[in-house]
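J.: compute the structure for the input listed below.
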Amino acid sequence: MKIKNLPGAVWANFFLIVPAVLLFSLASCDKSSVIGLKVQPSNDLLHVNYIDTATLITKTVKIDSLRTDEMLIYTGDALLGTYIDPVFGKTSSSLYTQLRLTTNAPIFSVSQPIIDSVVLSLVYDTTYYYGKRLRVPQKVNVYQLLGGLSSLNSYFSGNTISRSYVDLANNYGFIPQPLKHFIIHNQPLAPQLRIPIDVNFGQTILNNQGSANLADNTAFQTFMKGFYITTENTASLGAGDGNILHFKLADSQSKLTLYYNDSLQYDLSLTGTTRFSHFSHDYASGINSSLAAQLSQAPPAQNNILFVQSMSGVKTKIEMPYLLNSANSGASAIDKAELVIKIIPDPVYQLDTFAAPPALVLFGINDDGTNYALPDAGEGPNYFGGAYNASTLEYRFNIARYIQQVVSGKLKNNGLNLLPSSGALYANRAVIGGGGGGNSNAYKMKLNISYTKLK
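T.: Predicted structure coming up:
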């Protein structure tokens, strides 16, 4: 009987049943059944094939700006810091944020409040510390915003807001210490970065006691539009030095505190504000030669070393130019398609210092270059894959549905984009094997496909 085209789910069940039936038949067959097989028309037989040599054209390209505002990163986490990666160059994460009154029309308890000090406190996320665990100092700068932020807008990692160039932190030097606790006025505090701010800024706020500028947060955020907080001017870091740190802005201890008249204080909150992260990467010098070549004006067509980087850094583009060849000779059912990506553990790439992303994500590419979610992603991470296996130094993706739809013509063969998952929240990066290098490339990226010819 000739096998007709069946829905995908039916085929999946069919291919589970076929091996069992064949084993039973072979165990009990007689000569007549063997003869029957010999005379069965060849076009009625299933032809199961396996490919692990599919050609993959791979290259590293820059990532477009990522959305990083509080509406997307609703946990209140933010990255701040700078490091010098000997492979990827200098990377920095900075923060634009509003301040918020904790009470409308605050009264500062005295008719003439006099500022003593001002401290900007940022609570560490003690679970995340990217880079070397060395006591290498950084410089932090805090600038007052001249342009406003709006909760109605979406903000991306490449956006900027106009600001003053007067540094309210006076180039404050700090050593990242996410495990250090504080006791201030006999009150225990979570580990935090405490940045002294120019007292004149605090006095300006105190001087507006009773004015319309402090009537409510709408008025206040027009009067004091917020801060740009950055370590991008840190100049003392050597290759491999520096850190990117996680801060918990939704924590009640992340705030700006005005200390005045010896024993009084007023807090301005960072919780519930409009904010976004700004990422910067310097690929002009001090980066790996292969990465430099791939980001140049005339990049190589094929590469056996590739790069992926969080914080809107770089991604890997994967093309499969000969994928449609299997469809030219008739219909095929894709039984399994697995993309295998291997980390290159060469000490030069310092995997021990700059950890690989906990997961990668794979997107299809539209005609206009934008991304779309692969059909396999809808099956959930347990099926789709992408998590880092630290034992095998691999990432694996199941993309059978995507390959099936490309082969059947439902999706265009525009290729795939591979980049770190949660790239707006983490600083991780990795060096991986590409599609080039032939069989001599032990870390070669592979697409393993099992498929059945239907006719």
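J.: over to Phe307. Which of the three states is it?
T.: Assigned by DSSP: H, G, I helix; E, B strand; the rest coil, the conformation of Phe307 is strand.
J.: next one: it from Phe227, what distance?
T.: Separation of Phe307 from Phe227 (CB to CB, to the nearest Å) stands at 33 Å. (Glycine included, C-beta is placed from N, CA and C.)
J.: how deep is the residue lying closest to Val110 once chain neighbours are set aside tucked in, by neighbour count?
T.: Nearest non-adjacent residue to Val110, counting by CB to CB, 6 or more residues apart in numbering: Asn261, 5.6 Å away. By other CB atoms under 10 Å, the residues close to Asn261 number 15.
J.: residues in contact with Asn261?
T.: Ser109, Val110, Pro113, Ile114, Asp116 (CB atoms under 8 Å, 6 or more residues apart in numbering).
J.: state the number of residues packed around the spatially closest residue to Arg275 that is not a sequence neighbour.
T.: Nearest non-adjacent residue to Arg275, counting by CB to CB, 6+ apart: Thr97, 3.7 Å away. Thr97: 22 surrounding residues under other CB under 10 Å.
J.: surely Thr97 meets Met224?
T.: No. Counting by CB atoms under 8 Å, Met224 is not a contact partner of Thr97; they are 11.6 Å apart.
J.: and the residue nearest to Arg275, what are its bridge partners?
T.: Taking DSSP bridges as the rule, Thr97 bridges to Phe227, Arg275.
J.: per-residue pLDDT of it, please?
T.: As predicted, Thr97 sits at a pLDDT of 97.
J.: and it, what does it touch?
T.: Taking CB under 8 Å, 6+ apart as the test, what Thr97 contacts is Ala78, Leu149, Gly226, Phe227, Ile229, Leu249, Leu270, Thr273, Thr274, Arg275.
J.: quick check: bridge partners of the first one?
T.: Beta bridges link Ala78 to Phe247, judged by DSSP bridges.
J.: from the contacts of Thr97, which is closest to Gly415?
T.: Nearest to Gly415 among the contacts of Thr97: Ala78, at 32.9 Å, using CB to CB.
J.: give me the neighbour count for the closest one.
T.: A count of nearby residues for Ala78, using other CB under 10 Å, gives 29.
J.: that one is in contact with Phe247, isn't it?
T.: Yes. Here Ala78 reaches Phe247: they are 5.2 Å apart, a contact under CB under 8 Å.
J.: would you map the helices across the stretch 201-350 of the chain?
T.: 217-223, 289-294, 325-328 (DSSP state H, counting those that start in this stretch).
J.: mind putting these in a markdown table, distance to Lys90 and mean neighbour count included?
T.: Below are those laid out as a markdown table (distance: least, CB to CB, whole Å; neighbours: other CB atoms under 10 Å):
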| stretch | distance to Lys90 | mean neighbour count |
| --- | --- | --- |
| helix 217-223 | 32 | 16 |
| helix 289-294 | 13 | 17 |
| helix 325-328 | 44 | 13 |
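J.: closest one to Met445 among the ones you listed?
T.: helix 289-294 (14.6 Å).
J.: the closest one packs against which elements?
T.: Identification of packing neighbours for helix 289-294 by 3 or more CB pairs under 8 Å, 6 or more residues apart in numbering; DSSP states H and E yields strand 57-62, strand 305-309.
J.: can you tell me which of these is most buried?
T.: Mean neighbour counts were compared across those using mean count of other CB atoms under 10 Å; the top stretch is strand 305-309, at a mean of 26.
J.: can you put the helices and strands packed on helix 289-294 in JSON lines and add distance to Gly435 and mean pLDDT?
T.: Listed next are the helices and strands packed on helix 289-294 as JSON lines, based on distance: least, CB to CB, whole Å; pLDDT from 0 to 100:
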{"stretch": "strand 57-62", "distance to Gly435": "4", "mean pLDDT": "97"}
{"stretch": "strand 305-309", "distance to Gly435": "9", "mean pLDDT": "98"}
